[in-house]
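**Student:** sequence first, predicted model second:
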Protein chains: 2
Amino acid sequence: MADAVKTAEMVRNAVGRLVPSVVNGREEVAFPGVDEYRPSGKKAAPAVRSNADYPKNGDKRVPDLLTALKKCGLSDGMTISSHHHLRDGDRVALEALQLAASLGVKDLRWFPSASFPCHAPVIDLMERGVVHHIEGSMNGPLGDYCSHGKMRGHGVLRSHGGRWQAIQDGEVHVDIAVIAAPTADLFGNANGVQGKSACGGLGFALADSMYADKVIVVTDNLVPFPCVPWQIQGNNVDYVVEAPSIGDPSKIVSGTTQITRSPDRLKIAQMVAQFLKVTGIMRDGFSFQAGAGGIALAFVDYLRGYMREAGVKARFVRGGSTKYLVEMLQEGLMDYILDGQTFDLDGVRSMGTDARHIMTSPFTSYNFHGKGNIASQVDAVVLGATEVDVNFNGNVVTHSDGRLLHGIGGWQNCLYAGCTILALPSFRDRIPVIVDEVTTLTGPGELIDVIVTERGIAINPRRQDLLDAVKGSALPVRPIEEIKDEVEKICGGKPQKARLTDEPVAVVKWVDGTVLDTIWKVEE
Amino acid sequence: MADAVKTAEMVRNAVGRLVPSVVNGREEVAFPGVDEYRPSGKKAAPAVRSNADYPKNGDKRVPDLLTALKKCGLSDGMTISSHHHLRDGDRVALEALQLAASLGVKDLRWFPSASFPCHAPVIDLMERGVVHHIEGSMNGPLGDYCSHGKMRGHGVLRSHGGRWQAIQDGEVHVDIAVIAAPTADLFGNANGVQGKSACGGLGFALADSMYADKVIVVTDNLVPFPCVPWQIQGNNVDYVVEAPSIGDPSKIVSGTTQITRSPDRLKIAQMVAQFLKVTGIMRDGFSFQAGAGGIALAFVDYLRGYMREAGVKARFVRGGSTKYLVEMLQEGLMDYILDGQTFDLDGVRSMGTDARHIMTSPFTSYNFHGKGNIASQVDAVVLGATEVDVNFNGNVVTHSDGRLLHGIGGWQNCLYAGCTILALPSFRDRIPVIVDEVTTLTGPGELIDVIVTERGIAINPRRQDLLDAVKGSALPVRPIEEIKDEVEKICGGKPQKARLTDEPVAVVKWVDGTVLDTIWKVEE
């Protein structure tokens, strides 16, 4: 009977994936196809406040985070949000949840933009009933915990743009936003480019600051008003807390980011750069985005060489910024870096001092429920994946054993670029990356144009223009099935099918809030 | 009977002013006293949009403003908004309304942040029924037209912060915002610091861009995406129009702003600066705001001298920026200019190139229905007025003959500064400026601390701290009644009482949206 009920609640969406129609008690729309869904209704509307209830001198400081949480009226069942600009060095989000525990609060929904291994103690808080479940990217141990069906609610995985969309559309109401700020003033203006815990932009916290009922800024670098730039505006902030340290600088940003040394991965990176050159995407005034992974960094380095040779200048490059992008900006190879998060110290320094290195937010860059965004205006984007399949579908959240180990990040949002390239090794640990069908669908194949592996380049048959553009070139363009067959021979067959139960433990949302796929509990 | 009905609709507010309880068909709250009103409910919520309905390549251009207005569904009774950063040089707002006329549209509400003499042809559009009435500052001929009871609806005068509050709180819903942009890209990102029509910031258009149903950006300087900085975000914009010219540069900003040469006004300016020095308000890390009038500029120049002498540096200065503030920034006499509008070319250049010269918006600076604002954190503000009375009440919108000739600007919002100083000549054209009771109450006396005239300084008895601070100084501190009596002797008596009817033609809103006073039709 229990199984029958479970089955009744599942529906098959437009791409054939079985998804729950109700997630954490909320009715959901099954993915109806790319660009098929149209939202209705109005944006979430925060309560109107009055300056009469805030200190005229702007001083919103309270002695500590515990006091701030109490003043915010923290209570059972609330939603607490945090951002992940401090990455694995964050000390604030966990502290907020542990303080909630000390107050005896139960059943919180934690709504981080992403969680990292440093947040593993939240498992204990879930075991104790303090945290009911997590909605947000779960990298590593928390994702594994969710995969084993131990979380009381469903995990909900959203892209960076999807998280903005969910808050903006009122899908997720944040009761209390706790914003770790590398620099802030007593009014709550805050930025991430100054201070000992500098992390770059604070864009992932922007929606929280605008839409949450109560907003707490926690800083370890309080400066006199005004804190400039103010990416977080004090006009949205309720309380300011000074703390000795908001994070471990060595884990917030890398001192330096490293290009891959693997010959195969260097080869992939070079082929991607060659692809942009051969197809003419690399031209004066073009734009691209690449992440901070080893292949992406190497790609940027190769492309820089080609751009220099050809005398080509990009109009803008979307970051994840690193010293490689910063050097290109300084060298005059682009007009602007439009930066969503900053990966190394060179990136942080550049954002803090160079007016051409622009802080963006998920609103400007990625939100799909606006009047357009930046991501769809990017000429080419270079991304990774854990799996791709012969229909060019991509997976970035689970491994082929079905375990949830990664967040979506901006990956889904970036698929709207003019040319979406997945650059990846054809197998990892002798497990093929190109498969018949992705374990978890994170990106529909119709938005993925090119797959570049060390064994050749597969172009989506839907992109006849790209197939035409590479004709006659030396690029090793091959059908994706051919590459897949070759990889299976090397690895001794297809990857083992994931051993999964029929119990949904999490869902993958598409950029428009519809449910794209389900993550199933792994068999013990 | 008609009069009886009119009387029945009037109520007396907490400061004794008779105000209508219904304005343009909307129920209003009578001013209940400073900081007494508490808003309820939620902010206005714009409709959720989808990127799927906007061009993926970001190109939102349409051939002309007429096409854009048609695509926005312009129709009878709509509210059209515009901003006044182009001041008396603006060509866009009038064109939009005249195009509406050419389409046969009727009964529009025009909602400018301010109107100027260049918009006088809107009188013809009101006569023809195209524009029903204006809600927004009416400087000069449009105010005079309203004063004579010729507008079909009530004028509604709001401060800059009050206009944000009204949009944010849903009091005023804008159907179509028409934003004149000195620089923009095809996505609708826009700024005012570049281009032949550069005007400085575009903050007065920000709320419109965020809350209007449809947003049109009109520019005479289209640049490749991204237009940086983007004070107006393309993510909020529907259509972009290229026009040969959005305004007359000679009337948008002054080439140079001029300090007063009147000996009396120079004396006032010097006394204000001395007051700040004597009271210790001028100290390291302090802040102030002054406008761009002749007295205010002279005050800034005197203060600069005192700051140099004393080796004092301000933390920030709020502008209206001019070359005087820019020079002080460059000289190291302040850390930041926090600028709401830019009055001369030096100001525009500085905002465009100096990272310490910050664009603000009415949200950060003035909105009273937020979690605080900048205005109340300013140590001292120096303002003008058309009249002040013996209870320190101020009037900035009407003359003593009752005619509406000026907007409120940020004046009301600035009254929340630590020390509010009105600097004004004690009479103009032989008409006393200090009166028994202001013709139109624009600012309650309890928020006005000091009145500086060429005949002495009056300190509000509520500010014992300031009275103590000037004790023993050479400053000519006198009771306000004494100054008033002296002025009346010089001018041959009190000003003639305004000859007004009992017909309300406009209302003055307080910063919280409540009705502070009524402007009455003048007798013919």
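**Tutor:** Right, received. Where do you want to start?

**Student:** only C-alpha atoms for contact and neighbour calcs from this point on.
**Tutor:** OK.

**Student:** what residues are up against the residue nearest in space to the middle of chain A?
**Tutor:** Nearest to the mean C-alpha position of chain A, by C-alpha atoms, centre = their mean, lies residue A:409 at 1.4 Å. Counting by C-alpha atoms under 8 Å, 6 or more residues apart in numbering or on different chains, residue A:409 touches A:137, A:158, A:159, A:160.

**Student:** quick one: which helix or strand includes residue A:273?
**Tutor:** Taking DSSP states H and E as the definition, one finds residue A:273 inside helix A:263-278.

**Student:** is there proximity between whatever helix or strand comes next after that helix and chain B?
**Tutor:** Counting by DSSP H and E, the next helix or strand C-terminal to helix A:263-278 is strand A:287-290. No - using C-alpha under 8 Å from any C-alpha of the partner chain, strand A:287-290 stays clear of chain B, coming no nearer than 10.1 Å.

**Student:** pull out the buried positions in the helix or strand just after strand A:287-290.
**Tutor:** Moving toward the C-terminus from strand A:287-290, the next helix or strand (DSSP H and E) is helix A:294-310. Neighbour counts over helix A:294-310 (16 or more other C-alpha atoms under 10 Å in any protein chain shown) mark A:294-304, A:306-307 as buried.

**Student:** want to throw those into a markdown table with distance to residue B:509?
**Tutor:** Shown next, in a markdown table, are these (distance: C-alpha to C-alpha, whole Å):
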| residue | distance to residue B:509 |
| --- | --- |
| A:294 | 59 |
| A:295 | 60 |
| A:296 | 56 |
| A:297 | 57 |
| A:298 | 60 |
| A:299 | 59 |
| A:300 | 56 |
| A:301 | 59 |
| A:302 | 61 |
| A:303 | 59 |
| A:304 | 58 |
| A:306 | 61 |
| A:307 | 58 |
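
**Student:** buried sites along stretch A:31-42?
**Tutor:** A:31, A:34, A:37.

**Student:** stretch A:388-401 now?
**Tutor:** Of all the residues in stretch A:388-401, those buried under the rule 16+ other C-alpha under 10 Å are A:388-400.

**Student:** avg pLDDT for that stretch?
**Tutor:** Mean pLDDT, taken over the full extent of stretch A:388-401, equals 97.

**Student:** residues contacting residue A:69?
**Tutor:** Residue A:69 sits next to A:96, A:100 when contact means C-alpha under 8 Å, 6+ apart.

**Student:** coming back round to it: of the buried residues of stretch A:388-401, closest to residue B:230?
**Tutor:** Proximity of those to residue B:230 (C-alpha to C-alpha) peaks at residue A:396, which lies at 32.5 Å.

**Student:** in the sheet, who's paired with residue A:336?
**Tutor:** Here residue A:336 shows beta-bridge partners residue A:316, assigned using DSSP bridges.

**Student:** from chain B, how far off is residue A:312?
**Tutor:** 16 Å (C-alpha to the nearest C-alpha, to the nearest Å).

**Student:** revised request: answer the last question for residue A:209.
**Tutor:** Counting by C-alpha to the nearest C-alpha, the gap from residue A:209 to chain B is 11 Å.

**Student:** can you point out the buried residues in the helix or strand encompassing that residue?
**Tutor:** Element membership for residue A:209, per DSSP H and E: helix A:206-211. For helix A:206-211, a neighbour-count test (16+ other C-alpha under 10 Å) marks A:206, A:207, A:208, A:209, A:210, A:211 as buried.

**Student:** who touches that helix?
**Tutor:** For helix A:206-211, contacts defined as C-alpha under 8 Å, 6+ apart pick out A:44-46, A:81, A:164, A:167-168, A:173-174, A:177, A:215, A:231-233, A:236-237, A:361, A:363.

**Student:** rerun at 6 Å
**Tutor:** If you take C-alpha atoms under 6 Å, 6 or more residues apart in numbering or on different chains as the criterion, helix A:206-211 is touched by A:46, A:177, A:236.

**Student:** equivalent analysis for stretch A:213-231, please.
**Tutor:** Outside stretch A:213-231, the residues that touch it by C-alpha under 6 Å, 6+ apart are A:175-185, A:189-191, A:195, A:237-246.

**Student:** list only buried entries from the residues you listed.
**Tutor:** Those of the contacts of stretch A:213-231 that meet the buried threshold are A:175-185, A:189-191, A:195, A:237-243, A:245-246, by 16+ other C-alpha under 10 Å.

**Student:** residue contacts, residue A:392?
**Tutor:** Listed by C-alpha under 6 Å, 6+ apart, the contact set of residue A:392 reads residue A:445.

**Student:** next one: it from residue A:382, what distance?
**Tutor:** In this structure, residue A:392 and residue A:382 are 15 Å apart, going by C-alpha to C-alpha, to the nearest Å.

**Student:** now, which of the contacts of residue A:409 lie within helices?
**Tutor:** Taking DSSP state H, the ones among the contacts of residue A:409 that sit in helices are residue A:160.

**Student:** of the contacts of residue A:409, which pair is most distant in space?
**Tutor:** A:137 and A:160, at 9.4 Å, using C-alpha to C-alpha across these.

**Student:** got the residues of chain A near chain B?
**Tutor:** Contacts of chain A with chain B, taken as C-alpha under 6 Å from any C-alpha of the partner chain, map to A:35, A:41-43, A:45-52, A:54, A:56-57, A:235-236, A:368-373, A:376-377.

**Student:** can you select the buried ones among the residues you listed for me in PyMOL?
**Tutor:** Buried members of the residues of chain A next to chain B, defined by 16+ other C-alpha under 10 Å, are picked up in PyMOL with:
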select buried, chain A and resi 43+45+46+47+48+49+50+51+52+54+56+57+235+236+368+369+370+371+372+373+376+377
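
**Student:** hey, what's the closest residue in space to residue A:425 that isn't next to it in sequence bridged with?
**Tutor:** Distances taken as C-alpha to C-alpha, 6 or more residues apart in numbering or on different chains place residue A:453 nearest to residue A:425, at 5.2 Å, with adjacent residues excluded. For residue A:453, the beta-bridge partners are residue A:456 (DSSP bridges).

**Student:** and the gap between residue A:453 and chain B?
**Tutor:** Per C-alpha to the nearest C-alpha, residue A:453 is found 28 Å from chain B.

**Student:** that residue against residue A:424, yeah?
**Tutor:** Yes - counting by C-alpha atoms under 6 Å, residue A:453 touches residue A:424, with 5.3 Å between them.

**Student:** can you list residues touching both of these two?
**Tutor:** The contact sets of residue A:453 and residue A:424 do not overlap (C-alpha under 6 Å, 6+ apart).

**Student:** what element comes up after the helix or strand of chain A with the lowest mean pLDDT heading to the C-terminus?
**Tutor:** In chain A, no helix or strand scores lower on mean pLDDT, DSSP states H and E than helix A:2-8, which sits at a mean of 39. Remark: after helix A:2-8, the chain's next helix or strand is strand A:10-12, criterion DSSP H and E.
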